[in-house]
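S.K.: any chance you can model this:
(chains A and B)
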Amino acid sequence: MLTYLLKRLASTIPVLVAVSIFVFGFVHALPGDPARLVAGPDAGPQDIAAVRAEMGLDLPLWEQYGLWLNNAVHLRFGKSIRTQEPVSTVVAQRFMPTLWLTLVSLAWSMTAGIALGVLSGVRRGKWEDQASMVAAISGVSMPSFWLGLLLISLFSVRLGWFPTGGYDSWRSFVMPAFVLGLGVAAVMARFTRSAFIEVSAEDYVRTARMKGAPERRVIWHHTLRNALIPVITLTGLQFGFLLGGSIVVETVFAWPGLGRLLVDSVSLRDYPVIQAEIMLFSTEFVLINLVVDLLYAAVNPEIRLR
Amino acid sequence: MSASLVDSQASESIRSPLAEFWRRFRHKYVALGAGCLLLALLVAALAAPLIAPYGPATPDYDAVLEGPSWVHWCGTDAFGRDVFSRIIWGGRISLTIGFLSVALGGAVGMLIGLIGGFVGGWIDGLLMRVMDVLLAFPGIVAAIAVVAILGPGIDNVIYAIAVFSVPVFARLARGTTMVLKQTVYVQAARSIGVRPILLMLRHILPGTMPSAIVYASLRLGSSILTAASLSFIGLGARPPSPEWGAMLADGRDYLGVADHITLFPGIAIFITVLAFNLLGDGLRDALDQKLR
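M.R.: As a prediction, this is how the structure comes out:
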């Protein structure tokens, strides 16, 4: 297990380095002079030169990258062009709302998705299965922002049950978390169903039935436990999907999170914030997948021994 | 000549691949229905000037924010523009973005996968690490990054979505290529001196198509959805454009007052994406024996 852990850790580092090169290079790929951008529209040539020296833009590129990476590792991403606050402060303020929204969405969608998937698997071909799968493929195809708008129109504007947006009480969580988790629940349901059906055909499930184990035990103990192993891998991918989805959902529900910050920063060309956010999103995604792979190896010896 | 002889011996039946596919696909009524629906949408988009009752940008200030009626099937928006006509015109944009981005991402990805799987060694390793990096960005984050560099606009949305279609196509093609490389018919072709480039394009590429077609269909749905999302958050097509996501962004200001502006473009997105997903599921059952 330790060898696997080290090997897997080692494979993460080049990916993160490449991501950092991309994020660093991104500002240099932009049309125009970054120093001019940071200095603002009213800056004279001297101001721009000063900013250039301050940002180290007169150094060779690889030295700039080294400096930038060193700063990034210490979470120093410079100042936001828009608010002049340090980027790390801006991002930190927005971190918790997004984390909570993602976790709540993940929790309900995993529970519902796995439950629906098992129901479908057990009642394969029956109406429960067909209904769940129709719901699942509709959920996958649903534009989350559209559903969000319809929910706002019905439950906020007409009925007044939930706020249209914001981040205060549990009420403000209900609609965004539902909308964000729907696609994940749908994917989970489809995946759990096929994993469940696959495991149902295994010899050990037949053996369990043959030796007279009650059906409940066959389903919960023999089938579901094994069917859930691949579901772990999917969870990691879905977490990334939630991070991405939160960008759209936060825009719909005026959620003060990272996603909306990213959208605002792109429209206002606030590059230091964009850099920090893309670095953060990608690092989170890579780390979550690392954790998921390790979990997967912990429950499935076949992987780590390969 | 000799290669085709080996081909027909290797396959189980003597039916042509297309006939074999049709034999399995024609009973997938849901997928067939979805395919017909998509065909209809495609025709409607192509024939928009003939079908749409009004122009996509023709204002009518005497008919502002009107609900659905016989004159305006889906009502009118804040400028009195006919929502139904705009949806038909918008179909052109959404379908174009979908097809072009998947075609571009698919072509580049398949090429990378073919080369990586065929050549192997450090080239393969390098290509796959690059793909890993691309996969390290959650889809829409990558698209936003590309749009942030290139600026908003439909062309850039196509590039942005194409970029993150590449890695999965590459992995699919690489996996199949590595299997096909070892098959008897490819080995035979190699032994009679078929050049590597021909080996890749004539003997291996066709074998990678089934899984690529299935993924392309599913990908089309999600590309259209991503494009609409980007337009909705203001990074794709801009509001006067009848792109479906941009129309939703327009309708947002009239929630509770004129819900139809939001309702109908969303239905268009939903049905189109759903149809691509249903078609993809059916194709997968018919084409890809490995997947279920």
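S.K.: any stretches of the stretch 51-200 of chain B with poor pLDDT?
M.R.: B:136 (pLDDT under 70).
S.K.: near chain A, which residues of it?
M.R.: Counting by CB under 8 Å from any CB of the partner chain, the positions of the stretch 51-200 of chain B adjacent to chain A are B:129-130, B:132-133, B:136-141, B:144-145, B:147-149. From N, CA and C alone the C-beta is placed, and that goes for glycine too.
S.K.: the residue in the stretch 151-300 of chain A that chain B sits nearest to - how many residues pack around it?
M.R.: The stretch 151-300 of chain A approaches chain B most closely through residue A:157 (3.3 Å), counting by CB to the nearest CB. The tally of other residues near residue A:157 (other CB atoms under 10 Å in any protein chain shown) stands at 13.
S.K.: check residue B:80 too.
M.R.: 17.
S.K.: what's it in contact with, if anything?
M.R.: B:59-64, B:66 (CB atoms under 8 Å, 6 or more residues apart in numbering or on different chains).
S.K.: give me the three-state assignment for it.
M.R.: Here residue B:80 is coil, with the state taken from DSSP: H, G, I helix; E, B strand; the rest coil.
S.K.: state the pLDDT value of the residue of the stretch 151-300 of chain A closest to chain B.
M.R.: Residue A:157 is assigned a predicted lDDT (pLDDT) of 80.
S.K.: for my notes, confirm it occurs in a helix.
M.R.: Yes: remark: residue A:157 belongs to a helix, assigned using three-state DSSP.
S.K.: is it true that it touches residue B:256?
M.R.: Yes: counting by CB atoms under 8 Å, residue A:157 touches residue B:256, with 3.3 Å between them.
S.K.: close to chain B, is stretch A:193-205?
M.R.: Yes: Stretch A:193-205 reaches chain B (CB under 8 Å from any CB) through residue A:194.
S.K.: just the mean pLDDT for that stretch, thanks.
M.R.: Computed over stretch A:193-205, the average pLDDT equals 84.
S.K.: residue 195: neighbour count?
M.R.: Using chain A here. 23.
S.K.: switch to chain B, please.
M.R.: 11.
S.K.: same check on residue A:279?
M.R.: 21.
S.K.: that one: what secondary structure?
M.R.: Residue A:279 - assigned by three-state DSSP - is helix.
S.K.: which ones are touching it?
M.R.: Here residue A:279 is in contact with A:19-20, A:23, A:72, A:77 (CB under 8 Å, 6+ apart).
S.K.: do you know the pLDDT at it?
M.R.: 86.
S.K.: just to revisit the earlier point, which of the contacts of residue A:279 sits closest to chain B?
M.R.: residue A:19 (5.5 Å).
S.K.: does the longest helix belonging to chain A come close to chain B?
M.R.: With secondary structure taken from DSSP state H, chain A has its longest helix at helix A:87-122. No: using CB under 8 Å from any CB, helix A:87-122 stays clear of chain B, coming no nearer than 11.4 Å.
S.K.: buried set for stretch A:132-151?
M.R.: A:132-133, A:135-137, A:139-151 (16 or more other CB atoms under 10 Å in any protein chain shown).
S.K.: rewinding a little: show me which of the contacts of residue B:80 are buried.
M.R.: B:59, B:63, B:66.
S.K.: specify which member of the residues you listed is nearest to residue B:266.
M.R.: For residue B:266, the nearest member of these is residue B:66. The distance, counting by CB to CB, is 18.7 Å.
S.K.: which one among the residues of the stretch 51-200 of chain B next to chain A gets closest to residue A:115?
M.R.: Looking across these and measuring by CB to CB, the closest to residue A:115 is residue B:138, at 25.7 Å.
S.K.: what's near enough to touch that closest one?
M.R.: Here residue B:138 is in contact with A:240-241, A:243-244, A:281-282, A:285 (criterion: CB under 8 Å, 6+ apart).
S.K.: switch the cut-off to 10 Å
M.R.: A:237, A:239-247, A:281-282, A:284-285, B:144, B:164 (CB atoms under 10 Å, 6 or more residues apart in numbering or on different chains).
S.K.: how much space separates it from residue A:285?
M.R.: 5 Å (CB to CB, to the nearest Å).
S.K.: joint contacts of these two?
M.R.: A:237, A:239-241, A:243-244.
S.K.: can I get stretch B:143-156 as PDB, trimmed to CA atoms?
M.R.: Output in PDB follows, covering the C-alpha atoms of stretch B:143-156 (Å, rounded to 0.1, in the frame of the first residue of the first chain):
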ATOM      1  CA  ALA B 143     -13.700  26.300 -21.000                       C
ATOM      2  CA  ILE B 144     -13.800  29.500 -18.800                       C
ATOM      3  CA  ALA B 145     -10.000  29.600 -18.800                       C
ATOM      4  CA  VAL B 146      -9.900  29.400 -22.600                       C
ATOM      5  CA  VAL B 147     -12.600  32.100 -22.900                       C
ATOM      6  CA  ALA B 148     -10.700  34.300 -20.400                       C
ATOM      7  CA  ILE B 149      -7.700  34.100 -22.700                       C
ATOM      8  CA  LEU B 150      -9.400  34.400 -26.100                       C
ATOM      9  CA  GLY B 151     -12.300  36.700 -25.000                       C
ATOM     10  CA  PRO B 152     -16.100  35.900 -25.200                       C
ATOM     11  CA  GLY B 153     -17.700  35.000 -28.400                       C
ATOM     12  CA  ILE B 154     -19.100  31.900 -30.300                       C
ATOM     13  CA  ASP B 155     -15.800  31.000 -32.000                       C
ATOM     14  CA  ASN B 156     -13.900  30.900 -28.800                       C
END
